[in-house]
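Peer 1: Show me how the following folds:
(2 chains)
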Amino acid sequence: MPIKLEKSNQSTAGTHDSMWDSYNSADYMAQTRRGLDEELVRFISQEKQEPDWMLEKRLAALKIYHTLPLPDWGPDLSRLDLDKITYYARATDKQSQTWDDVPSDIKATFNKLGIPQAEQELLAGVGAQYESTVIYHSLKEQFKAQGVVFEDLDVALKSHAELVRPYFMRAVPPSLHKFAALHGAVWSGGTFLYIPRGVKVDLPLQAYFRMNAKGMGQFEHTLIIVEEEAQAHYIEGCSAPRYGIDSLHAGCVEIFVAARARFRYSSVESWSKDAYNLNTKRAIVQAEAHMEWVGGNFGSNVTMLYPCSVLAGAGATADHLGVAFANHGQIQDTGAKVIHLAANTSSNIVMKSISKDGGKAIYRGLVEISPAAENAAANIKCDALILDSRSSSDTIPLIKIKNPTAVLAHEATAGKLNEDDIFYLRSRGLSEGAASAMIVNGFIEPIVKELPLEYAVEMNRMVELEMENSVG
Amino acid sequence: MNILTIKNLSVSVAGKTLLNKVSLTLKKGETTVIMGPNGSGKSTLANVLMGHPAYQVEAGQIIFNGRDITALKPEERSALGLFLAWQQPREIAGIDFYPFLFDAHKALQAARQKRVPSVFSFKKKLDQEISLLQIKEDWSQRYLNQGFSGGEKKKAEMLQLALANPQLAIFDEIDSGLDVDALQVVGQAMARFKQGAKSALVVTHYLRILKYLKPDKVMVMSQGRLVATGGPELAKRLEKEGFRDLLTNS
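Peer 2: Predicted structure coming up:
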């Protein structure tokens, strides 16, 4: 295998190679292969000892995958060679139950990412995905007693089949688009979260994902079911080391928010600069329920991500808050999608983007008010910060109104850093870089403040790293 | 010994000359007041001394504490002990005010190769100054200058002055837009600063602030030049006669 020989590709310096681009030896990749066919799909399912119904779903998704074209809108994906992706790999053979069981080289990677072990005390549960296998999972006893299930999805497939089966790929059907179909065929690993009726979980539940081997796709699936009147907050972060070969991330998040429940899904994603991050996230929100999406997107070569809320029940509401940072050579094509299906539904979209050193940030959104959605309201606000003349920003808001009672507001702004603001901070002793980073962090603060403290700190730190090369 | 020496300083923006061969010296521990009508170049001089990148220094030198700082960055001047209290401090959203003060203080201490304080010792110092300046408790919940009244902004500048502990402070129209109570708090803060044998350059329209800070020297600017220099009696004359006579006579 040529994998280890291509280390030299790393030498092209990026802004944060030392922090992001560390990697462990990937010997285990020798057992896996690139490209996709029915044999591989059967192999994955067999390897995971899945029930037959899952294999059938995978094969059906594979058929759809072959029939669907690449998206003909949005960023250029022609350089993504789907035959060169490794669709399945295992890092460790068994699940780890405690931190002590986690292999030391994997711990070293986590340390470089700066995930403090102390978070375990603060956070309700920790699930970390290393390659395609969840290596670490813990859950506070009190939640277990409440009937909360927070599991590796592979495990839940067997232990809670009756919960998983009716929901799996129902919010995101394989027919939605090519990468949803691909995901349905080769998904591996991920999280299952079930909050029973009326249960309120105060602390955020968290998972940490990490893509490691070169040229390897990651197709984790997150399935979340929030029953009536339940409340919870789930958060996940992703970070990938940088390698020479394009790598593909086509994950999927499905959330079912039952009547009068409240759920918040937060994610901070910082993919390596060659990764294609083509992620699909959808929530189905029932009557009087509330769904919140809070997201930060950093890194990657191309990101296409538009979390979607389907407001299916009367009085359902959704908030979409997002930050995207497009640095040199990157396209952040992100946004939101809200489908109002019922009366008195309302949605609020607030997106902020930063583009720098030739980066391109695009807000792409769709708000659809269906004929049945009487008195629906939608509010869209997009702010773009463009740090230099080489960088750009675009806003593509699509609004489809099929009910005349709808009330819509849309506002978009684009601006640069103010020279006097920077001078003011510098006159107080801060360097130009620190001053600029501080202003950028101030710009995204309304969204960052919605994250748990340690994630907010990490996000501010990522902005500082992205800003470091901006002076001179 | 001079804390500040300006030699034949000429400055332009977009080809337009704003300062024309300005020279002045300021002795350590002394206070110089610069007066003059609007657009005479007073605020330009204040900004250029602090190193505003928008201004082009065409000729001349700025010597601070024996060191030529003409080409230094604003943050380097700040580290050397120069401070500019702004006429119109910037309002910046999303930057929490007190954490910003701590960050700026840490940066200054590090640049001055002094011990960076713990958050607790910084908080102690901060609380002292907050109480002296009669600052409201809700400032801990505010962003940098955002939504501050004119008086609050100037108090915020005085707070930053005290924390920065500079050798020379430039006060750019610090007394404009202040009511009587705020003027007193700000004036007393200036007086406290001066007690430490510090130097001050006061750019102002009005004499009322000089109740708190006795000038050793008064200078008058007009059309980018220094046109008159005198002692405190010059300020009194200006108050009585206005600029017009002085400028037409010069």
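Peer 1: How about the contacts made by the closest residue to A:Ala312 other than its chain neighbours?
Peer 2: The shortest distance from A:Ala312 to any non-neighbouring residue, by C-beta to C-beta, 6 or more residues apart in numbering or on different chains, is to A:Leu341 (5.1 Å). C-beta here means a position set from N, CA and C on the backbone, and glycine is covered the same way. Neighbouring residues of A:Leu341 by C-beta atoms under 8 Å, 6 or more residues apart in numbering or on different chains: A:310-312, A:370, A:372-373.
Peer 1: how about whatever residue of the stretch 151-300 of chain A ends up closest to chain B, secondary structure?
Peer 2: Residue nearest to chain B within the stretch 151-300 of chain A: A:Gly296 (14.7 Å; C-beta to the nearest C-beta). Classification of A:Gly296 by DSSP: H, G, I helix; E, B strand; the rest coil places it in strand.
Peer 1: That one reaches A:Gln332, doesn't it?
Peer 2: No: with contacts defined as C-beta atoms under 8 Å, A:Gly296 does not count as touching A:Gln332, sitting 10.7 Å away.
Peer 1: what about the nearest residue to A:Asn301 once chain neighbours are set aside, how many residues close to it?
Peer 2: When the adjacent residues along the chain are set aside, A:Asn301 lies closest to A:Asp274, with 5.3 Å between them (C-beta to C-beta, 6+ apart). For A:Asp274, the neighbour count with other C-beta atoms under 10 Å in any protein chain shown is 21.
Peer 1: from memory A:Asp274 sits against A:Gly299, does it?
Peer 2: No: between A:Asp274 and A:Gly299 there is no contact under C-beta under 8 Å: 9.5 Å.
Peer 1: which helix of chain B spans the most residues?
Peer 2: Counting residues, the longest helix found in chain B (DSSP state H) is helix B:232-249.
Peer 1: on that earlier part again, what does the model give the residue nearest to A:Asn301 for pLDDT?
Peer 2: Among the per-residue scores, A:Asp274 shows a pLDDT of 80.
Peer 1: again, but for B:Leu84
Peer 2: At B:Leu84, pLDDT is 98.
Peer 1: so it, which of the three states?
Peer 2: strand.
Peer 1: Which one's more surrounded, A:Gly296 and A:Gln332?
Peer 2: A:Gln332 (30 against 26).
Peer 1: check contacts around the closest residue to B:Arg112 other than its chain neighbours.
Peer 2: Nearest non-adjacent residue to B:Arg112, counting by C-beta to C-beta, 6+ apart: B:Ala79, 5.7 Å away. Applying C-beta under 8 Å, 6+ apart, we find B:Ala79 in contact with A:429, B:108, B:111-112.
Peer 1: Just the buried ones from those residues?
Peer 2: For the contacts of B:Ala79, a burial check counting by 16 or more other C-beta atoms under 10 Å in any protein chain shown picks out A:429, B:108, B:111.
Peer 1: show me where the chain has helices.
Peer 2: Assuming you mean chain A. So, for chain A - with DSSP H - the helices run A:17-20, A:38-47, A:52-67, A:104-113, A:119-122, A:141-146, A:153-159, A:161-167, A:178-186, A:419-426, A:432-448, A:453-467.
Peer 1: sorry, should have said chain B
Peer 2: B:42-50, B:74-80, B:97-111, B:119-132, B:150-164, B:180-195, B:232-249.
Peer 1: Go through those helices and name the closest to A:Leu417.
Peer 2: Nearest to A:Leu417, of all the helices of chain B, is helix B:74-80, at 15.1 Å by C-beta to C-beta.
Peer 1: Report the buried residues of stretch A:416-428.
Peer 2: Those would be A:417, A:421-428, for stretch A:416-428 by 16+ other C-beta under 10 Å.
Peer 1: what does chain B put close to chain A?
Peer 2: When proximity is defined as C-beta under 8 Å from any C-beta of the partner chain, chain B approaches chain A at B:50-54, B:73-75, B:77-79, B:83-84, B:86, B:89-90, B:92-95, B:100, B:103-105, B:107-108, B:111, B:143-144, B:160, B:164.
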